[in-house]
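In: please work out how this folds:
(chains A and B)
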Amino acid sequence: MKYINEEVLEQLKEIFSAMKDEVKIALFTKEEPCETCLETRDFVGELVQSSPKMSLVEYDLEKDSGLAEKLGVSLAPSLALLDKSGEYKRIKFNGIPSGHEINSFISSVIAVSGNGQPLPESITERLSKVNKPVNIKVFVTLGCPHCPGAVEKAHYLALLNDNITADMIEAQTFYDLSEEYNVSSVPKIVINDIYEFVGNQPLEVFLEEIEKTQVA
Amino acid sequence: MSLEINLHKKTLTADQDDNKIYDLIILGAGPAGLNAALYAKRKGLETLIIARDKGGQVMDTSSVENYLGFPSLSGEGLVKKFLDHVEELKVPILEYEEVEKVQNDTESNIKIVTLKSGKALRTKTVIIATGSKPRRLEIPGEKEFSGKGVCYCAICDGPLFADEEVIVAGGGNSAVEAALDLSKIAAKVTLVHRSQFRADKILVDQLIQKPNVEIKLATEILEVIGDKFMSGIKVLDKENSKEYTIAASGLFVEIGYLPNSEVFSDLVELNSKNEITVDRHGMTSVPGVFAAGDVTDTPYKQIIMSAADGAKCALAANDYINNLK
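Out: Residues are numbered from 1 along each chain as shown, chains lettered A, B, ... in the order given. Here you go, the predicted model:
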């Protein structure tokens, strides 16, 4: 294997043994010049070998535009997580989940498999009242140690409420998008393209911003 | 391409038995909290760690070269080793939780730790190891341009300033390390510090060698300026009392740390710097409440000092519990 050596693979196998049900990873790439698409495909291809419960299905952003639209995929490379029944769980990684982001990938896959870390009741109760669409973007860099924490939180929130979608966006891969959202510190969290904050803040802060979008 | 896997993903999640009285609750999971857990568990204390995040400040350090036994390791690499060690002893960690307050029931001597989530836990002893957070410059424009050029984590935000000009504020080890890291990414790095270097000579020598680094000592930063984004800083050259501006698209603030002690200010005594005052055993002004690491008034904030502090507090907590019997 090119990216994951034997030792790391063993570590990953042990970590992913915590998976409960199967998880399908839908990878969208494109033919256009896409430096990181090939790298991401090879890397994720190796990554799924860490567990028999993980599988990879490849799509093309243009040729499979119907599905891409359905899953809200507009970037490449992008990974969308689907549960055992093939249902999209509203969680995406835009850009390669390597470096520190391997950790958010691990947590999110395990969570989608049905073995996620339970959130405090005070949080789940507030979350259950969210009934209008919410999109959470988390801009990260791969060298940022506390970015995965923010990505995990966004993904957990999306998993627990059908109205929430959560996207990790790797800021260097999607440079133009990062410029558009004025990202100069990470993790930067943008909610419904309006509300934003910086840092791996507590879940309460995520909720406060989310709740702002719920007022009529 | 590298993978920075956190092996502690598999640490035990704490069970939710709210009626239990713990021997020890440790607040924080940096070097002080983790070493306290190690020592406490070895003494057989029923221990719980409550932490917002695992690892503490060390996680933000790209390389640690002064921890005995490890000549060169990433901050996160060191934390991994700490966590692996603690994990062997199966100490439960309650993550994503923050402490609202700690109260001392003077009659029963039981401490009540109330979390922001509303949960209240009871324990015989507490070790406060909540560490510190980056100190801010507290100058005009800093808050306004925070996240718009003003940054507090060089290894996180450095890549966003590729081939741009940046400034590092500070003269200690963190500032020099940040400037060294940034010099590999940015077009130019200007280090600005209000007095002389406090950093280790070995680091300063490396910095001076860098062709794209400029050093401005005895220079005070007065203001961050810009429009939508920061465009530079206004400084005062203290030697000739001249004001001028330095253009840059990023300012990395590395001027030290402030203790995370606010929530304990009603419980324990703090000094004028808001650090928790402790005695030689790490005990605070409240019997049975100990404090370790960067949150305390112990001089020289170093990883190894915090770890040692944690050990001391755990042993002292054990003695305290034995004397209750």
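In: so where is chain A shaky, pLDDT-wise?
Out: A:216 (pLDDT under 70).
In: how does it divide into domains?
Out: By the assignment in automatic domain parsing, chain A contains the domains A:6-115, A:121-212.
In: need the ones you listed in JSON lines (columns: mean neighbour count and distance to residue B:26).
Out: To be clear about C-beta, it is placed using only N, CA and C from the backbone, and glycine gets the same treatment. Compiled in JSON lines, the domains of chain A are given as follows (neighbours: other Cβ atoms under 10 Å in any protein chain shown; distance: least, Cβ to Cβ, whole Å):
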{"stretch": "domain A:6-115", "mean neighbour count": "19", "distance to residue B:26": "23"}
{"stretch": "domain A:121-212", "mean neighbour count": "20", "distance to residue B:26": "19"}
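In: closest one to chain B among those?
Out: For chain B, the closest of the domains of chain A is domain A:121-212, at 3.6 Å, according to Cβ to the nearest Cβ.
In: for the strand or helix carrying residue B:313, the averaged confidence score.
Out: Take DSSP states H and E as the rule and residue B:313 turns out to sit in helix B:303-324. Per-residue pLDDT over helix B:303-324 has a mean of 96.
In: which helices and strands does it pack with?
Out: In terms of contacts (3 or more Cβ pairs under 8 Å, 6 or more residues apart in numbering or on different chains; DSSP states H and E), helix B:303-324 is packed against strand B:21-29, helix B:31-42, strand B:120-128, strand B:289-291.
In: pick the most buried one from those.
Out: Ranked by mean neighbour count, the helices and strands packed on helix B:303-324 are led by strand B:289-291 with a mean of 29 (mean count of other Cβ atoms under 10 Å in any protein chain shown).
In: need the contact partners of that strand.
Out: With contact meaning Cβ atoms under 8 Å, 6 or more residues apart in numbering or on different chains, strand B:289-291 is reached by B:102, B:104, B:111, B:125-129, B:267-268, B:276, B:278, B:281-284, B:313, B:316-317.
In: mind giving me the ChimeraX select for those residues, buried ones only?
Out: Remark: buried members of the contacts of strand B:289-291, expressed as a ChimeraX selection using 16 or more other Cβ atoms under 10 Å in any protein chain shown:
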select /B:102,104,111,125,126,127,128,129,267,268,276,278,282,283,284,313,316,317
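In: residue B:223 contacts residue B:232, correct?
Out: No - the criterion here is Cβ atoms under 8 Å, and residue B:223 misses it with residue B:232 at 9.5 Å.
In: so these two - more neighbours on which side?
Out: For residue B:223 versus residue B:232, the count of surrounding residues by other Cβ atoms under 10 Å in any protein chain shown is larger for residue B:232: 19 against 16.
In: any idea which element the more buried one lies in?
Out: Assessed by DSSP H and E, residue B:232 sits inside strand B:230-237.
In: pull up the pairing partners for the helix or strand following that strand, direction included.
Out: Moving toward the C-terminus from strand B:230-237, the next helix or strand (DSSP H and E) is strand B:242-247. Here strand B:242-247 has these sheet partners by DSSP bridges: strand B:230-237 (antiparallel).
In: just the CA atoms of the strand it pairs with, as PDB, please.
Out: Provided in PDB are the C-alpha atoms of strand B:230-237 (Å, rounded to 0.1, in the frame of the first residue of the first chain):
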ATOM      1  CA  MET B 230      -6.100  43.200   8.700                       C
ATOM      2  CA  SER B 231      -3.500  44.900   6.600                       C
ATOM      3  CA  GLY B 232      -0.800  45.500   9.200                       C
ATOM      4  CA  ILE B 233       0.100  46.700  12.700                       C
ATOM      5  CA  LYS B 234       1.100  50.000  14.200                       C
ATOM      6  CA  VAL B 235       4.100  49.700  16.400                       C
ATOM      7  CA  LEU B 236       6.200  51.900  18.700                       C
ATOM      8  CA  ASP B 237      10.000  51.600  18.600                       C
END
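In: what's it in contact with?
Out: Applying Cβ under 8 Å, 6+ apart, the external contacts of strand B:230-237 come out as B:141, B:145, B:148-150, B:167, B:192, B:216, B:218-226, B:242-251.
In: now the worst-scoring helix or strand of chain B on mean pLDDT, how far from the chain's geometric center?
Out: Every helix and strand of chain B was ranked by mean pLDDT, DSSP states H and E. The lowest is strand B:93-95, at a mean of 85. Relative to the centre of its chain, strand B:93-95 is centred 18 Å away, using Cα atoms, centre = their mean, to the nearest Å.
In: would you map the helices across the stretch 101-250 of chain B?
Out: All helices of the stretch 101-250 of chain B, identified by DSSP state H, counting those that start in this stretch, fall at B:154-157, B:173-183, B:201-209.
In: low-confidence ranges, chain B, go.
Out: Where chain B drops to pLDDT under 70, the residues are B:1, B:6-18.
In: give me the most central residue, it.
Out: residue B:57 (3.5 Å; Cα atoms, centre = their mean).
In: hang on, the earlier thing: may I see the helices and strands packed on helix B:303-324 arranged in a markdown table, with distance to residue A:158 as well?
Out: Formatted as a markdown table, the helices and strands packed on helix B:303-324 follow (distance: least, Cβ to Cβ, whole Å):
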| stretch | distance to residue A:158 |
| --- | --- |
| strand B:21-29 | 26 |
| helix B:31-42 | 30 |
| strand B:120-128 | 29 |
| strand B:289-291 | 38 |
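In: ok, which of the ones you listed comes nearest residue B:207?
Out: For the helices and strands packed on helix B:303-324, the distance to residue B:207 is smallest for helix B:31-42, at 25.9 Å, taking Cβ to Cβ.
In: could I get the contacting residues of residue A:21?
Out: A:53, A:83-84, A:113-114.
In: give me the nearest residue to it, chain neighbours excluded.
Out: Closest residue in space to residue A:21, ignoring its immediate chain neighbours: residue A:84 at 4.2 Å, by Cβ to Cβ, 6 or more residues apart in numbering or on different chains.
In: for that neighbour, give me its contacts.
Out: A:21-24, A:113.
In: hang on, it is in a strand, isn't it?
Out: No - Residue A:84: not assigned to a strand; according to DSSP: H, G, I helix; E, B strand; the rest coil it is coil.
In: quick check: bridge partners of residue A:23?
Out: Judged by DSSP bridges, the bridge partners of residue A:23 are residue A:54.
In: can you check residue B:50 too?
Out: Going by DSSP bridges, residue B:50 is paired in beta bridges with residue B:27, residue B:94.
In: for residue B:21, same thing?
Out: Beta bridges link residue B:21 to residue B:122 when assigned by DSSP bridges.
In: related to what we said a few turns ago, can I get the helices of the stretch 101-250 of chain B in JSON lines including mean neighbour count and distance to chain A?
Out: Shown next, in JSON lines, are the helices of the stretch 101-250 of chain B (neighbours: other Cβ atoms under 10 Å in any protein chain shown; distance: least, Cβ to the nearest Cβ, whole Å):
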{"stretch": "helix B:154-157", "mean neighbour count": "25", "distance to chain A": "4"}
{"stretch": "helix B:173-183", "mean neighbour count": "24", "distance to chain A": "9"}
{"stretch": "helix B:201-209", "mean neighbour count": "14", "distance to chain A": "20"}
